[in-house]
Every structure is written in structure tokens, then in C-alpha cells.
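Asker: Sequence first, then the predicted structure, then my questions.
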Amino acid sequence: HLATSLPLPSERDHLRPRIDLIVFMIDIKSKYSLKTVEASLAHVDASFFLGKVCFLVTGVGRVNACSIETNAVCKLGEAYCSPVLFCELELEGIRVVTAQRLLRMLQICAGHIPGVSALSFVSLMRNSDDD
């Protein structure tokens, strides 16, 4: 399910499936994209930041067209203890690998991978220099 921003409309709450993973997409070519994500973060329950949120940064293949510093997005990921994935959706190979990574993250967050919790997965994704 896709939403352009949060909060989600409440009139169909009873029909909404359980939310296992929230992927915030940020287009590195659009400052508006980052602002929308930042505004939406306030509507996410704090418990989701324990392994059920990630940031997907698109458009990284065009460094000359970037409107957002990658460092700003990395700091956002650090502030919310959530992984940041960078990708270029226009390249099929990278798009497929990114989709596979997101699917694996979703399987973990939904509890379909025995022995791995969303929280333990996020701790594994942290950079070793963060310790």
C-alpha cells in the first residue's frame, strides 16, 4: 500500500491490514520529498522505529542533480535508528536488488524469518563505526 504522506486517513482504519514495515522514499533530487518525509515522521508511533522503518533514497545515480545532501539523509536515519538504503531506480539491476532487499526486510519485520526479529536485524545493519 502506498501513501504520499502521513497520517493515513482514519475513515478506512477497520479495513487497513497490519503495518509491518514503513519505507519512507526520498527523491534526492527533491527537497520537497525530504520535507514531506520529515513532516510524516511525527505521525509514526515510536515503537515502529525499533526495526520497522527504513528510508529509501532514490535518484543517487545523478550526483549533479541532487538537491539534498546524502549526509542529511544519513543523519535522519541515525536520529530515528533506522536503516538508509540508496538506489537508482532507473537501472533495472539495482531496482531488482533493492526490491529483494526490501522484501527480505519485510519478511523479517512481519516475523516470517525464524530466529530474526526486526530489532535484531536493524542492529545488524548498523555500521561497525557506530559502536
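Answerer: Received the coordinates, thanks.
Asker: Residue 109 versus the nearest residue to residue 118 once chain neighbours are set aside, what's the distance?
Answerer: By the measure of C-beta to C-beta, 6 or more residues apart in numbering, the closest residue to residue 118 outside its immediate chain neighbours is residue 51, 3.0 Å from it. All C-beta atoms are positioned from the backbone trio N, CA, C, and that covers glycine. Distance, residue 51 to residue 109, by C-beta to C-beta, to the nearest Å: 7 Å.
Asker: which residues touch the nearest residue to residue 30 once chain neighbours are set aside?
Answerer: Closest residue in space to residue 30, ignoring its immediate chain neighbours: residue 67 at 6.0 Å, by C-beta to C-beta, 6+ apart. By C-beta atoms under 8 Å, 6 or more residues apart in numbering, the residues touching residue 67 are 28, 29, 30, 31.
Asker: tell me the SS of residue 67?
Answerer: Under the three-state scheme (DSSP: H, G, I helix; E, B strand; the rest coil), residue 67 adopts coil.
Asker: which phi and psi does it have?
Answerer: phi -110, psi -10 (degrees, to the nearest 10).
Asker: What of residue 53?
Answerer: phi -130, psi 140.
Asker: wait, isn't it in contact with residue 22?
Answerer: Yes. The pair residue 53 / residue 22 is scored as a contact, 4.8 Å apart, by C-beta atoms under 8 Å.
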